[in-house]
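Asker: The following comprises the amino acid sequence and a computationally predicted model.
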Amino acid sequence: MMKSSNNTKISVAFIKEGNQFVAYSPALDLSTCGNTLTEARSRFAEAAKLFFEELKRKGTLKIVLKNLGWKLNGATPISPLIVAQGHQNIPVLM
């Protein structure tokens, strides 16, 4: 059974959009934003904490993490990792 004291690392992308910083993690399919990078990091940590607390409260933590690609074999869940990130040219039809 997963305990609330377990810690794991997840990949989080921080993107600047205008005057805002967006924090997004595909490992949780979760995002938030802030006026500064520090604020976006802090808000993401709080959002992730609430995400895990709510899933645990509902009893759906393992199901949701498994559906997001996490490995749940050991005591500490392991999130999927971003293996590459870059730019790709894609036609945009407007």
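Answerer: Thanks, I have it. Numbers count the residues shown, from 1 in each chain.

Asker: Skipping adjacent residues, who's closest to residue 24 in space?
Answerer: Closest residue in space to residue 24, ignoring its immediate chain neighbours: residue 31 at 4.0 Å, by Cβ to Cβ, 6 or more residues apart in numbering. Every residue, glycine included, has its C-beta placed from N, CA and C.

Asker: now swap in residue 64 and tell me
Answerer: Residue 64's closest residue in space is residue 55 (Cβ to Cβ, 6+ apart), at 5.3 Å.

Asker: hang on, isn't the one you found packed against residue 67?
Answerer: No: the criterion here is Cβ atoms under 8 Å, and residue 55 misses it with residue 67 at 11.0 Å.

Asker: okay, the two: which has more neighbours?
Answerer: In this view residue 55 and residue 67 are compared by other Cβ atoms under 10 Å, and residue 55 has more residues nearby, 16 against 10.

Asker: for the more buried one, helix, strand, or coil?
Answerer: helix (DSSP: H, G, I helix; E, B strand; the rest coil).

Asker: tell me the contacts of residue 68?
Answerer: Residues near residue 68 by Cβ atoms under 8 Å, 6 or more residues apart in numbering: 27-29, 79-80.

Asker: Centroid-nearest residue for this structure?
Answerer: residue 25 (3.2 Å; Cα atoms, centre = their mean).

Asker: Bridged to it, which residues?
Answerer: Judged by DSSP bridges, the bridge partners of residue 25 are residue 30.

Asker: For it, give me its contacts.
Answerer: Per Cβ under 8 Å, 6+ apart, neighbours of residue 25: 10-13, 31, 44, 48.

Asker: Could you tell me how far stretch 81-94 lies from the centre of the chain?
Answerer: Its chain's C-alpha centre and that of stretch 81-94 lie 19 Å apart, by Cα atoms, centre = their mean, to the nearest Å.

Asker: any idea of the mean pLDDT in it?
Answerer: Averaging pLDDT along stretch 81-94 yields 90.
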